[in-house]
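Colleague: turn this into a model:
(one chain, ligands or ions: 1)
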Amino acid sequence: MSLEIKIKRTTAPKAKPDQNSLGFGKYFTDHMFVMDYTEGKGWHDPRIVPYGPLELDPATATLHYGQAIFEGMKSYNTKDGRVLLFRPQKNMERINVTNERMCIPQIDVDFCVEAIKTLVKVDQDWIPSAEGTSLYIRPFIFATDAVLGVHPSHTYKFMVIMSPVGAYYPQGINPINIYVESNYVRAVKGGTGFAKTCGNYAASLRAQADAAKKGYVQVLWLDGVEKKYIEEVGSMNVFFKIDGEVITPSLEGSILPGITRASTIELLKSQGTKVTERRISIQEVFDAHAAGKLDEVFGTGTAAVISPVGELNWNDQKITINDGKIGECSKKVYDTITGIQSGKLDDTFGWTVEVK
Ligand SMILES: *Cc1c(COP(=O)(O)O)cnc(C)c1O
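Modeller: Have a look, this model is predicted:
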């Protein structure tokens with residue numbers, strides 16, 4: 001795809017927010033990327049325009065049937081003045097896996113990476129540089145046909161918006177407590193668990209809100225059939241270090257294949273740690289804890305990179321992991337991945353892409 005990206009710059013740039021109170025996804029940059037799809041014509045009219053609201057027909061398919069997908073990635077300012085993206089190709093490849101499941105037309109991976117680089121360049125002065133901050137990039141696609149018949153849309157919009165985000169752990173890494181969900185389920189084989197589609201999140205909110213009332217920040221999902229095997233956490237994949245070995249649930253169709261998950265596996269293996277992808281039951285984790293062999297539990301995802309887990313509550317049995325402190329392995333993975341992302345460490349894996 002060799003389309004020209006038209007750029008229309010804002011005439012009213014916004015004031016930049018304070019870098020010490022960015023939070024997550026509260027502020028948006030001056031521009032956004034938009035591209036349309038029309039059946040028979042393909043993706044067309046890629047453009048960068050001032051950030052602003054959309055006008056939609058009330059019958060827009062997405063609002064009724066949820067044919068919509070998204071991605072999440074980050075861009076970083078390095079100390080030596082470079083701008084880096086972390087594995088952007090992987091996000092665009094994953095969009096196509098999601099699109100296939102959701103009957104949304106495929107995108108051109110290389111073109112979309114270029115589009116994101118172009119947008120980041122246009123809003124480069126929005127990338128924060130305080131320790132731990134980054135520019136969060138949110139690509140998304142939604143169905144735009146304005147008809148109420150249930151069928152895949154014939155038209156779509158691909159958009160990218162960006163938000164400067166704060167350090168996830170301004171006070172240093174704090175382990176989180178997690179509620180093991182044994183009533184609701186997130187996904188089943190044959191469903192949409194492996195796809196980054198909006199409906200998965202809509203369906204997860206009830207459990208999340210109930211867990212929050214009990215004082216837990218996230219839920220750990222079990223498999224949708226037996227409620228026995230561990231799947232993932234809210235918007236993170238999950239890892240267990242048991243007796244020196246790192247174990248993470250294998251991807252069997254109901255789990256989102258995280259890019260941080262893949263990077264963590266590659267990194268640990270390169271350091272000589274034994275990493276196994278297999279089914280792991282919640283009982284096995286509790287048994288390992290009882291035997292004194294559960295060394296660490298941590299989540300992986302773009303937002304926090306690594307989230308150590310300090311407590312698990314499964315049907316009111318509570319266990320505390322590693323005295324509620326970050327473990328050695330979690331810390332090392334966190335330091336290495338964030339070091340590579342922010343350009344502090346040499347990228348020996350070839351994960352970062354420079355925006356020039
Ligand atoms: C995005 C996401 C993840 C993490 O994926 P990363 O590519 O590591 O950010 C994990 N689980 C779910 C449900 C997700 O949507």
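
Colleague: okay, now the domains of the protein?
Modeller: Using automatic domain parsing, the domain parsing of the chain gives 6-166, 176-341.

Colleague: could you find the closest non-adjacent residue to Thr62?
Modeller: Phe142 (4.1 Å; C-beta to C-beta, 6 or more residues apart in numbering). Where you see a C-beta, it was placed from the backbone N, CA and C, and this is true even at glycine.

Colleague: the closest residue to the ligand within the stretch 101-250 of the chain: how many residues sit nearby?
Modeller: Proximity of the stretch 101-250 of the chain to the ligand (C-beta to the nearest ligand atom) peaks at Ser235, 4.5 Å away. By the criterion of other C-beta atoms under 10 Å, Ser235 has 19 neighbours.

Colleague: where do the strands of the stretch 51-200 of the chain begin and end?
Modeller: 68-70, 73-77, 83-86, 134-143, 155-165, 176-181 (DSSP state E, counting those that start in this stretch).

Colleague: make JSON lines from those strands and add distance to Asp223 and mean neighbour count to it.
Modeller: Below are these laid out as JSON lines (distance: least, C-beta to C-beta, whole Å; neighbours: other C-beta atoms under 10 Å):
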{"stretch": "strand 68-70", "distance to Asp223": "23", "mean neighbour count": "21"}
{"stretch": "strand 73-77", "distance to Asp223": "28", "mean neighbour count": "23"}
{"stretch": "strand 83-86", "distance to Asp223": "30", "mean neighbour count": "23"}
{"stretch": "strand 134-143", "distance to Asp223": "28", "mean neighbour count": "23"}
{"stretch": "strand 155-165", "distance to Asp223": "32", "mean neighbour count": "21"}
{"stretch": "strand 176-181", "distance to Asp223": "11", "mean neighbour count": "22"}
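
Colleague: re earlier: isn't the residue of the stretch 101-250 of the chain closest to the ligand right up against Ala303?
Modeller: Yes: taking C-beta atoms under 8 Å as the definition, Ser235 is a contact partner of Ala303 at 6.7 Å.

Colleague: which residue packs closest to Phe298, ignoring adjacent ones?
Modeller: Ser330 (4.3 Å).

Colleague: Ile321 versus the one you found, what's the distance?
Modeller: 10 Å (C-beta to C-beta, to the nearest Å).

Colleague: hey, what's in contact with both of those two?
Modeller: Glu296, Pro308 (C-beta atoms under 8 Å, 6 or more residues apart in numbering).

Colleague: who in the stretch 251-356 of the chain is up against the ligand?
Modeller: By C-beta under 6 Å from any ligand atom, the residues of the stretch 251-356 of the chain that approach the ligand are Leu256, Gly258, Ile259, Thr260, Arg261, Thr300, Gly301, Thr302.

Colleague: cross the residues you listed against helices and list the overlap.
Modeller: Taking DSSP state H, the ones among those that sit in helices are Ile259, Thr260, Arg261.

Colleague: quick check: closest non-adjacent residue to the last one.
Modeller: Spelled out, it's Arg261. Nearest to Arg261 is Asn237, by C-beta to C-beta, 6+ apart, at 3.9 Å.

Colleague: got it, and Glu311?
Modeller: Asn177 (3.9 Å).

Colleague: got the contact list for that neighbour?
Modeller: Contacts of Asn177 (C-beta under 8 Å, 6+ apart): Gly215, Tyr216, Val217, Val309, Gly310, Glu311, Leu312, Asn313.

Colleague: quick one on the thing from earlier: quick check on the residue of the stretch 101-250 of the chain closest to the ligand: phi, psi?
Modeller: Main-chain torsions, Ser235, degrees, to the nearest 10: phi -120, psi 30.

Colleague: picking up where we left off before, tell me how many other residues surround the residue nearest to Arg261.
Modeller: 24.

Colleague: need phi/psi at it.
Modeller: phi -80, psi 170.

Colleague: which stretches of the stretch 201-350 of the chain form strands?
Modeller: Assigned strands in the stretch 201-350 of the chain, in chain order: 218-222, 230-233, 237-242, 245-248, 275-277, 294-301, 305-314, 317-320 (criterion: DSSP E, counting those that start in this stretch).

Colleague: go through these and name the closest to Gly339.
Modeller: Of all the strands of the stretch 201-350 of the chain, strand 305-314 sits nearest to Gly339, with 10.5 Å by C-beta to C-beta.

Colleague: give me every residue in the stretch 101-250 of the chain lying close to the ligand.
Modeller: Counting by C-beta under 6 Å from any ligand atom, the positions of the stretch 101-250 of the chain adjacent to the ligand are Lys196, Glu232, Ser235, Met236, Asn237.

Colleague: the second one contacts Leu251, doesn't it?
Modeller: Meaning Glu232. No: under the criterion of C-beta under 8 Å, Glu232 is not in contact with Leu251, lying 10.0 Å apart.

Colleague: between the two, who's got more neighbours?
Modeller: The neighbour count for Glu232 versus Leu251, taken as other C-beta under 10 Å, is higher for Glu232 (24 against 16).

Colleague: count the neighbours of the closest residue to the ligand within the stretch 1-150 of the chain for me.
Modeller: Taking C-beta to the nearest ligand atom, the ligand has its nearest neighbour within the stretch 1-150 of the chain at Gly72, 5.6 Å off. Residues lying near Gly72 (other C-beta under 10 Å) number 17.
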